[in-house]
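> fold the following and give me the result.
(chains A and B)
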There are 2 protein chains.
Amino acid sequence: MAEKVVIIGGGAAGPKTAAKLRRERSDIKIDLYTQEDIISYSACGLPYYIENIIQNSDTLIMRTPEDFKKQNIDVHIKQRCIKVNPDEQTVLIEDLISKNIYEVKYNILVIATGATPIMPKIANINLKNIYTLRTIQDGINIKNKMRTSKKAVLLGGGYISIEVMEALVHNNIQVTLIERNSQILKMFDEDFAQLITDYIIGRNPGQVNILTNEEVVAFMGNEKDEVTTVITASGKEIETDFVILGTGVKPNTDFLEGSGIKLSINNSIKVDKTLKTSKNGIYAVGDCTDNFNLVTNKYTWVPMGSTANKEGRCAAINIAGGNCLFDGILNSTITKYFDLTISIIGISYKEALEHGFQPEFAIVTKRDKAGYMPNNGTMTLKLIADKNTHTILGIQGIGEGEVNQRINAVIPAILSKTKLESFMNLDLPYSPPYSPAIDPVLNAAQIIYQKING
Amino acid sequence: MAEKVVIIGGGAAGPKTAAKLRRERSDIKIDLYTQEDIISYSACGLPYYIENIIQNSDTLIMRTPEDFKKQNIDVHIKQRCIKVNPDEQTVLIEDLISKNIYEVKYNILVIATGATPIMPKIANINLKNIYTLRTIQDGINIKNKMRTSKKAVLLGGGYISIEVMEALVHNNIQVTLIERNSQILKMFDEDFAQLITDYIIGRNPGQVNILTNEEVVAFMGNEKDEVTTVITASGKEIETDFVILGTGVKPNTDFLEGSGIKLSINNSIKVDKTLKTSKNGIYAVGDCTDNFNLVTNKYTWVPMGSTANKEGRCAAINIAGGNCLFDGILNSTITKYFDLTISIIGISYKEALEHGFQPEFAIVTKRDKAGYMPNNGTMTLKLIADKNTHTILGIQGIGEGEVNQRINAVIPAILSKTKLESFMNLDLPYSPPYSPAIDPVLNAAQIIYQKING
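Residues are numbered from 1 along each chain as shown, chains lettered A, B, ... in the order given. All right, here's what the predicted structure looks like:
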């Protein structure tokens, strides 16, 4: 009897697991169940679809159920998993069209149910034209609404809001972003969040408004139940044509109640380095799992498309009988706001303090090429290191220059706990079109090292 | 009595040492002697000056003797060091204008005499319009000649020739490159050298000719002693308006004969990690020193502007009483040919075999952004790892896409001997404008790992 692998979830991690598993093993039966009607799509690309950098939403779909069928993988759309019974090695599936509920047997189960936007408890949040952005249909709805609109309100100052703001500003929408905390992008230190805010405001004066320390208390609608006004705690009444909620996500794990599968931070699924859950024969991958932070050595929950793909690949290798360990993450993120690259890796200065490190930092603003080369971009980097161990804890980088090149040079150094004294003389390649003779990121390391050594 | 530091050499490393030493210590007397009349300039920028991306050669000069004077550093131009007497702590200097020879006392001596082009032994090499490219005057001479020329011959297929070729092609010169070996850019594996060659030829069909396995045996001149024809060993007669020699450089260390200062590979100066030579109180920095290769653990000689700057900075800290160790290099190099980035870090596959490693490799050709994003560039990466230790030995990268970002992500991993199994799941930041969900460099690591593990 052939082994049967059942995968629950059709975003990034589930389809990746299925595809890699098929490449590794042709003899296993693979069934994938998803509550959506589209699978294997890039949710991270949705802001660029809304912006109209990408014209057709189908472009974001990597593979269709038909593509998977050709690889002998059976994809069942609009089928939601409502219960897992580890002792019986079964799952209960609800057909979202017929509403029938049926049982499916498995030998190996892979949970890849992802995450869902959190709906904040705000009066009249069910008015029309209040959107979240997670699925392709969400993207289509927002793009259609944007085309006939003049004003929008974004709730929450995370990455998605920044990316959606670019999309809206590019399409001549007047945007107000409302953030509960004292800064946008709370993973950054306050100084960097301010630099990013200044850039956003300065790029389109008058078109963008960013309100921090501000909460939405109610939405007001018209006779068609369409949102027209956003009411804030400080008494502001902001007229708008639509609202996008970027107020965070939570793992889709409610259906695991009673299964005995151990949950972790934020109700994400606890997995080990092989992506196994606490129950025999059950793996979990992608946005629904917890993550081990290799800087703080603590468990965290950072849903990211890149991690989802790596975990899916790794789990598939292990299911196929191979050996792949997913050690953990460095909280690495990057995005852009028009020409400004925005990135943070590891932990910020404030987080370093919170986690009991003794951090020192250096901020450098430098050109990305030799000073005499044309088309120089500038960048500002903030490097954080620990005074005791001399290891690098994190880097924040923003700029119109080549930030990503510098960020990447730090990442393996954080992973391997390279000391500043080695890193500051690292042999990064030099040529005038690519960097100054001493790279800005090495400048930053040199400065911290001299600070630490008095 | 104040301590007196004498620095010999005015390229990159000498002025860097002087400037950093002054920042660290205001009480030391600093004298810099150089045989040239311009100091502190970027030789690496000369091809872009010739190309006319940079219009004015003065742009390449970082600081003038007057700038140094303001920092209380005395720069003596057109003064050549002809002898070092470590026992007496003196150097003999020749004034190149008056031809006077005089003695200078030092407490600390820093040798930063750089390197000089090697003049190959070819008949009539002293004809006019046969150039080397090292000084600003060389750059000015070549640029002036180029403006009235139609054809050029480049000898040697190293980085400088590739950069100069871009400059000449951009200015509508017909270029023939002649390389003695079977490939250009001999630090690359043959497959990559061929890809680069194909790109160069394909970009400007008919305008560029690359001859490998070919040697020049003689130059022929006209009645004005100007070169007109290049004669090769295979009997080719190539008409040309000028010739540029890119046939390598050698360290400027002849004047050290009899000084007892220990020399190393290629007659470069042997230095320890503090940049001290074998003689008390004498440091050496920049292109005249040997280099420790951190991959092969052997001494090598790789003159690079970035290393020169780092060594100068490090020596200055040590002279000032601080503590800076320059551990070594990774043979990191990068350049471009128009839109093609060309880079190699660590060692190639063939070098890995030569050095007794058991290398495995992966070649991937990938897009640099999410596939659905516009303005995608492609790149080809060749990652080399050791089968026994699973450590990364080197990477070669070429492409119109963001190669440098991937290259940089590998460099600290080579330094810290990170194993493939950790590196292949490295948390590189992901966002569609910056990379696919799994970065190409991680794809390459995954492929090697699966090759090694059968």
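
> any idea how far chain B is from residue A:165?
Taking Cβ to the nearest Cβ, to the nearest Å as the measure, residue A:165 falls 15 Å from chain B. (Glycine included, C-beta is placed from N, CA and C.)

> correct me, but that residue touches residue A:177?
Yes - between residue A:165 and residue A:177 a contact is recorded at 6.4 Å, counting by Cβ atoms under 8 Å.

> now for these two: what residues contact both?
By Cβ atoms under 8 Å, 6 or more residues apart in numbering or on different chains, residue A:165 and residue A:177 have these common neighbours: A:154, A:208.

> more crowded one of these two?
Neighbours per residue (other Cβ atoms under 10 Å in any protein chain shown) separate residue A:165 from residue A:177, with residue A:165 holding more: 28 against 25.

> let me see the contact set for the residue lying closest to that one once chain neighbours are set aside.
Leaving aside its sequence neighbours, residue A:165 sits nearest to residue A:175 (Cβ to Cβ, 6 or more residues apart in numbering or on different chains; 5.4 Å). Contacts for residue A:175 (Cβ under 8 Å, 6+ apart) come out as A:151-154, A:165, A:168-169, A:207-209.

> residue nearest the middle of chain A, spatially speaking?
Geometric centre of chain A, nearest residue: residue A:304, 3.7 Å, by Cα atoms, centre = their mean.

> give me the phi and psi angles of that one.
In terms of degrees, to the nearest 10, the main-chain angles of residue A:304 are phi -140, psi 140.

> can you check residue A:80 too?
Per degrees, to the nearest 10, the backbone of residue A:80 is at phi -100, psi 130.

> with the one 4 residues further on instead?
Backbone dihedrals for residue A:84, given as degrees, to the nearest 10, come out at phi -120, psi 130.

> quick check: it touching residue A:255?
Yes - Residue A:84 is in contact with residue A:255 according to Cβ under 8 Å; the separation is 7.2 Å.

> so which of those two has more stuff around it?
Taking neighbours as other Cβ under 10 Å, residue A:84 and residue A:255 compare with residue A:84 leading, 25 against 18.

> ramachandran angles for the residue nearest to that one when sequence neighbours are not counted?
Nearest non-adjacent residue to residue A:84, counting by Cβ to Cβ, 6+ apart: residue A:259, 4.3 Å away. Phi and psi for residue A:259, reported as degrees, to the nearest 10, are phi -80, psi -20.

> pLDDT weak spots in chain A?
Where chain A drops to pLDDT under 70, the residues are A:1-2, A:454.

> circling back: list the contacts of the residue nearest to residue A:84.
A:83-86, A:279.

> neighbour-wise, which of these leads?
These, ranked by neighbours (other Cβ under 10 Å): first place residue A:84, 25 neighbours.

> next up, the contacts around that one.
Counting by Cβ under 8 Å, 6+ apart, residue A:84 makes contact with A:90-92, A:109, A:111, A:255-256, A:259, A:261, A:282.

> now do it against residue A:411, distance only.
36 Å (Cβ to Cβ, to the nearest Å).

> the residue lying closest to residue A:359 once chain neighbours are set aside - how many residues pack around it?
Distances taken as Cβ to Cβ, 6+ apart place residue A:352 nearest to residue A:359, at 3.7 Å, with adjacent residues excluded. For residue A:352, the neighbour count with other Cβ under 10 Å is 23.

> helix, strand or coil for residue A:352?
Three-state assignment for residue A:352 (DSSP: H, G, I helix; E, B strand; the rest coil): helix.

> looking at the stretch 51-200 of chain A, which residue is nearest chain B?
Nearest residue of the stretch 51-200 of chain A to chain B: residue A:59, at 4.3 Å (Cβ to the nearest Cβ).

> can you give me the neighbour number for the closest residue to that residue other than its chain neighbours?
In this structure, residue A:59 finds its nearest non-sequential neighbour in residue B:372, 4.3 Å apart by Cβ to Cβ, 6+ apart. Residue B:372 has 22 neighbouring residues, counting by other Cβ under 10 Å.

> same question, residue A:24
For residue A:24, using other Cβ under 10 Å, the count is 17.

> just read off the phi/psi values of residue A:169.
According to degrees, to the nearest 10, residue A:169 has phi -60, psi -40.

> that one contacts residue A:204, correct?
Yes - using Cβ under 8 Å, residue A:169 is in contact with residue A:204, at 5.4 Å.

> which one of the two has more residues nearby?
residue A:169 (20 against 15).

> quick one, what contacts that one?
Contacts of residue A:169 (Cβ under 8 Å, 6+ apart): A:175, A:203-204, A:207-208, A:338.

> ok, 10 Å please
Going by Cβ atoms under 10 Å, 6 or more residues apart in numbering or on different chains, residue A:169 touches A:51, A:152, A:175, A:200, A:203-204, A:207-208, A:337-338.

> among those residues, which are in helices?
Among the contacts of residue A:169, the ones falling in helices (DSSP state H) are A:51, A:200, A:203.

> what sits closest to the first one if chain neighbours are left out?
Nearest-residue entry for residue A:51: residue A:167, 3.5 Å, with adjacent residues in sequence omitted and distances by Cβ to Cβ, 6+ apart.

> what's the helix or strand for that neighbour?
helix A:159-170 (DSSP states H and E).

> pull out the buried residues from that helix.
Within helix A:159-170, the residues scored as buried using 16 or more other Cβ atoms under 10 Å in any protein chain shown are A:159-169.

> now the strands: where do they sit in the stretch 351-454 of chain A?
For the stretch 351-454 of chain A, the strands defined by DSSP state E, counting those that start in this stretch occupy A:359-367, A:378-386, A:392-399.

> so which of those is the most packed in?
Most buried of the strands of the stretch 351-454 of chain A, by mean neighbour count (mean count of other Cβ atoms under 10 Å in any protein chain shown): strand A:392-399, with a mean of 27.

> and that strand, which strands flank it?
Here strand A:392-399 has these sheet partners by DSSP bridges: strand A:340-346 (antiparallel), strand A:378-386 (antiparallel).

> not counting sequence-adjacent ones, nearest residue to residue A:193?
Once flanking residues are discounted, residue A:193 sits nearest to residue A:183: 3.8 Å by Cβ to Cβ, 6+ apart.

> on that earlier part again, just confirm the residue nearest to residue A:59 contacts residue B:437, I think it does.
No - look at residue B:372 against residue B:437 with Cβ atoms under 10 Å: they stay out of range, at 11.5 Å.
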